[in-house]
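Peer 1: Prediction below, plus the sequence it came from.
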Amino acid sequence: MSVKKIKQYGADVLRKKSLPVENITGKTIKIIENLEDTLKESKGVGLAAPQIGVLQRVFIAIDPDTKKVIKIINPQIIESEDSEIDIEGCLSFPSIYFSIKRPKKIVIKGLSPKGKEIIVPVKGLLARCFAHECDHLDGVLIIDYASKEEKKHYSL
């Protein structure tokens, strides 16, 4: 377990599509532990494997209500409901925030670190976070949602 350096905007790995985890091994568990250590150190809400340089379909998030760490392997959004625009940041874009439209509620299907299929319904901030982390696994970044004015404001 260790705190990893979070890849910043411009790093090639952030634009690549992550590969599904075929078998959950000790290496997969180590990735999850590194994500957890790095997320706790950064005081963020969620973190995807590409953000620490690993192209695997894995992300973690901290439930803001329970403070429980949710760990999902091979996540798929299977339902989404309603939507809202809110300000969103990213650990790969320090001090940069964009207005992004995301679902208010989503249901994600994936695997737990023990290989058990899980279905996780979430709403609010956690739904936003899950959608954001799934975007990372597909090489999509918050800047892709930014208006020309927002990009100009940050000189991006």
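Peer 2: Arrived safely. Residues are numbered from 1 along each chain as shown.
Peer 1: okay, now the residue lying closest to residue 111 once chain neighbours are set aside: neighbour count?
Peer 2: Leaving aside its sequence neighbours, residue 111 sits nearest to residue 73 (C-beta to C-beta, 6 or more residues apart in numbering; 4.2 Å). No exception for glycine: its C-beta is placed from N, CA and C like everyone else's. Residues near residue 73, counting by other C-beta atoms under 10 Å, number 22.
Peer 1: Could I get the CA-only coordinates of the longest strand along the chain as CSV?
Peer 2: Criterion DSSP state E: the longest strand present in the chain is strand 69-81. C-alpha atoms of strand 69-81 as CSV (Å, rounded to 0.1, in the frame of the first residue of the first chain):
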residue,chain,number,x,y,z
VAL,A,69,-15.1,3.5,1.0
ILE,A,70,-16.9,1.9,-1.9
LYS,A,71,-14.7,-0.2,-4.2
ILE,A,72,-16.0,-1.2,-7.7
ILE,A,73,-14.3,-3.3,-10.3
ASN,A,74,-15.6,-3.3,-13.9
PRO,A,75,-18.3,-0.8,-13.2
GLN,A,76,-21.2,-0.2,-15.6
ILE,A,77,-23.9,2.3,-15.2
ILE,A,78,-27.1,0.3,-15.7
GLU,A,79,-29.7,3.0,-14.9
SER,A,80,-29.7,6.8,-14.6
GLU,A,81,-32.5,9.2,-13.6
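Peer 1: avg pLDDT for it?
Peer 2: Mean per-residue pLDDT for strand 69-81: 97.
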